[in-house]
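Chemist: What shape does this take:
(one chain, ligands or ions: 1)
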Amino acid sequence: MSIPAIDPKAPAVSLEGITKRFGEFKALDDVSLDLRLGEIHALVGENGAGKTTLMKVLFGAYQPTSGRILLDGQDVTPHWNTRKAISHHIGMVHQHFSLVMEHSVLDNVVMPTLGWLDLAPDWKKFRSKLSELQQSLGFDLSPDRLVGDLAVGERQQVEILKMLYQGAKILILDEPTAVLIPQQTERLLKTLVQLRELGYAVILITHKLEHATEYADTITVLRSGQCVATLSKGQASTSEVAAMMVKQEVATVRQSRAAQSDAPVLELGGVSMETSGVSVLDRVSLKVCRGEVVGIAGVVGNGQTELVDAILGLRPLTSGTVILDGEDIGSSDVLNRRAGGIAHIPEDRHAHAIVGEMDLASNFILGREGTPKFSRHGVLNRKRIGEFARHSMAEFDVRAQSAGARIRFLSGGNQQKVVIGRELSTQPKFIIAHEPARGLDFAATAYVRSRLVQAAEEGAGVLLISSDLDELVELSNRILVICGGRLVGALDSGHYDPETLGLLMAGVSVEADASVKTIEN
Ligand SMILES: Nc1ncnc2c1ncn2[C@@H]1O[C@H](COP(=O)(O)OP(=O)(O)OP(=O)(O)O)[C@@H](O)[C@H]1O
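Modeler: The predicted structure is shown next:
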């Protein structure tokens, strides 16, 4: 029997007329997409456009309501599921990694491939196979390290290794750069290009449109569950793709123009913190005044999370003072600090900001259930909570079926908008915004940034902690640089030189002019 030649141009996967309903709601409406081996295919669209849902259909996590999934021309739709998808060489890295933190890199990569009957697994062989795989990708993870001890970029490498080890040739990555710092992002994109050269097909769900226009061979644009364009490389510019994605006007973002007062709304004096005897914050002193946005730049893991914990009262200080609006709040607990006017947009919404099983309305008032606005004599005023939620949904453009929908069924970006809406609607004196635009599409990002500036102009002080330098430069009236738990530099607006910022972030001392203050403790 002769072996049929494979046409490299033929689609490896075709999704034909996929419709997906959740109850009455149509998340996907007759969407088609062809994916070829040896291509990077970007999938772009606003928050809630249906990108993840479409890929979950391909990965077998959702059954389509109608439409067909074709692999090499064969209809595999009936009873399609994740197990079958993996056996047909399809792999997916979700927005939230599915790794076992207490297990090693080797265990995480190999275990999913072991069956119940593998009574004497050959770990030596697995180890060398993993090592070969790492070499071919230029990864250098110790197989014995616990995944819980790895940085987020390294965990993502484990997810990629896991997919490839399982034999995936069609790789789906859902917003892989959302959690990465710029250097890691560049690294990941290089890996994807390398995989394309090796003949793999990569589907890249992304809000970074420049990544789509620069790296993808094909771009599919989704809007409100429909495919509005399929573009070849070079066919559209980043701003043209952006225009295809949105219906509404995109907010313009600029720095706060509020008259800068000298009265600090938040003041830290010599704040230090230790974890198991190791210094994680070292004599941090800073002031945030009403009307200003102060940016904190730093490589992730240099004390940003601890800084937030110190301000919120989540962990004890070894020394130092925390003053809110002239009042020493060092001995107040978290609830009292929040009641005193601190709002917090946390970096990890799943761990710290939403309760997935609760509905949207309950999430909109989380932490304020007991206030007179929403309850009386311990009984929740459901009508008022519902009205408040519907009003907030409209104001913050949260797209969901209703205020009664469980929040875990919302798209990632819409969940983030709920958190931001909840925190800003308390008219706080001081806002800690930690990676506020993570997972948001570009229009929502612009909107959230403009709302933070608006909050500052209305009199709040904002501390913006971000790994996105563009965001810091765009919004901050001043930028402070944190490295190794210490503030090491302060830059004034108009003097944000990326090179100086990068050097300070890396802990390298710089020759500074008057606009850059290096901070010596
Ligand atoms: N299991 C589910 N039940 C109900 N509705 C759902 C479910 N999964 C997704 N949806 C809805 O389908 C729509 C599309 O969601 P999806 O997660 O695919 O969007 P997305 O384009 O990936 O957005 P984002 O960029 O914010 O991640 C959203 O309105 C979401 O609320």
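
Chemist: residues from this structure in reach of the ligand?
Modeler: Neighbours of the ligand within the chain, by CB under 6 Å from any ligand atom: 22, 25, 27, 45, 47-53, 399-400, 409-414, 441. From N, CA and C alone the C-beta is placed, and that goes for glycine too.

Chemist: list the buried ones in stretch 462-473?
Modeler: For stretch 462-473, burial by neighbour count (16 or more other CB atoms under 10 Å) applies to 462-469, 471-473.

Chemist: now do stretch 204-220
Modeler: Across stretch 204-220, burial judged by 16+ other CB under 10 Å covers 204-209, 211-213, 215-220.

Chemist: Then stretch 345-358?
Modeler: Those would be 345-347, 349, 353-354, for stretch 345-358 by 16+ other CB under 10 Å.

Chemist: Between the buried residues of stretch 204-220, which sits nearest Gly386?
Modeler: Lowest distance from Gly386 to the buried residues of stretch 204-220 (CB to CB) belongs to His207, with 30.6 Å.

Chemist: hang on, Cys227 in a strand?
Modeler: Yes. Assessed by DSSP: H, G, I helix; E, B strand; the rest coil, Cys227 belongs to a strand.

Chemist: and stretch 105-121, how far apart are its ends?
Modeler: Start-to-end span of stretch 105-121 (CA to CA, to the nearest Å) is 16 Å.

Chemist: Now which of the residues of the chain next to the ligand would you call buried?
Modeler: Using 16+ other CB under 10 Å, the buried members of the residues of the chain next to the ligand are 27, 45, 47-53, 399-400, 409-414, 441.

Chemist: mind listing the helices in the stretch 401-521 of the chain by residue range?
Modeler: Per DSSP state H, counting those that start in this stretch, the stretch 401-521 of the chain has helices spanning 412-424, 442-457, 469-475, 498-505. These are given in chain order.

Chemist: Tell me which other helices or strands the first one touches.
Modeler: Packed against helix 412-424, as judged by 3 or more CB pairs under 8 Å, 6 or more residues apart in numbering; DSSP states H and E, are the following elements: strand 342-345, helix 349-352, helix 360-364, helix 382-395, helix 442-457.

Chemist: if we go to 10 Å?
Modeler: Where contact means 3 or more CB pairs under 10 Å, 6 or more residues apart in numbering; DSSP states H and E, helix 412-424 is packed against strand 342-345, helix 349-352, helix 360-364, helix 382-395, strand 430-434, helix 442-457.

Chemist: again with the second one
Modeler: On a contact count with 3+ CB pairs under 10 Å, 6+ apart, helix 442-457 meets helix 238-245, strand 293-297, strand 342-345, helix 412-424, strand 430-434, strand 461-465, helix 469-475.

Chemist: hey, C-alpha coordinates of that helix in CSV?
Modeler: Once non-C-alpha atoms are left out, helix 442-457 reads as follows in CSV (Å, rounded to 0.1, in the frame of the first residue of the first chain):
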residue,chain,number,x,y,z
PHE,A,442,-6.6,46.6,24.9
ALA,A,443,-9.9,48.6,25.0
ALA,A,444,-10.6,47.4,28.6
THR,A,445,-7.0,48.1,29.5
ALA,A,446,-7.3,51.6,28.3
TYR,A,447,-10.6,52.0,30.2
VAL,A,448,-9.2,50.6,33.5
ARG,A,449,-6.1,52.8,33.2
SER,A,450,-8.2,55.9,32.6
ARG,A,451,-10.4,55.0,35.6
LEU,A,452,-7.4,54.8,37.8
VAL,A,453,-6.2,58.2,36.6
GLN,A,454,-9.8,59.5,37.1
ALA,A,455,-9.8,58.2,40.7
ALA,A,456,-6.5,60.1,41.3
GLU,A,457,-8.0,63.2,39.8
